[in-house]
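[1] here is a sequence with its predicted model. Questions after.
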Amino acid sequence: MSVSISLEVSGGKELAQALNRFGDAMQKRIGAQLGQWAESVKANAEQLVPVRTGYLQSTINAKTQDWQIEVGAEATYAAEVEFGTTNSRAQPYLTPAVETYLPSLERVLLDALDSAKAEAQL
């Protein structure tokens, strides 16, 4: 069983509709900034994950699509490491990575919107 943490930008659909007025280039820029944020979370999770063989670490991934960000791991035992089991303690790596970067997500979005507004001369 893989594990992932998904974030959906609140009001993302409304934001996406508003961004249609800014054009494709602006939408791509904001999407790229969200992707960079997700990659930062991924890199942090890769540093935090306990490493025995390196397989779990190698399956950590980040995806962004339609204002949804997903950072997760595909190893079948990923959830057991993150949350623990009755026989082993939790060793969280995804949750702390997201928590570390979550405060900066708002700044990423606001900076991207300010840039888009400036280019659209709004």
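    Arrived safely, thanks for sending. Numbers count the residues shown, from 1 in each chain.
[2] shaky segments in this protein?
    For the chain, the stretches flagged by pLDDT under 70 are 1-25, 119-122.
[3] spatially central residue for it, please.
    Ala38 (3.4 Å; Cα atoms, centre = their mean).
[4] list the contacts of stretch 47-55.
    Leu56, Gln57, Ile60, Ala73, Ala75, Val81, Gln91, Pro92, Tyr93, Pro96, Ala97 (Cβ atoms under 8 Å, 6 or more residues apart in numbering). For every residue, glycine as well, the C-beta is placed using N, CA and C.
[5] of those residues, which belong to helices?
    Within the contacts of stretch 47-55, residues falling in helices by DSSP state H are Leu56, Gln57, Val81, Pro96, Ala97.
[6] quick check: phi and psi at Val71.
    Dihedral pair for Val71: phi -120, psi 130, per degrees, to the nearest 10.
[7] against Ala118, how distant is it?
    30 Å (Cβ to Cβ, to the nearest Å).
[8] comparing the two, which residue is more hemmed in?
    Val71 (26 against 9; other Cβ atoms under 10 Å).
[9] that one contacts Ser40, correct?
    No: here Val71 does not reach Ser40: they are 9.7 Å apart, not a contact under Cβ atoms under 8 Å.
[10] residue boundaries of the strands in the chain?
    With DSSP state E, the ranges of strands along the chain come out as 3-8, 60-65, 68-73.
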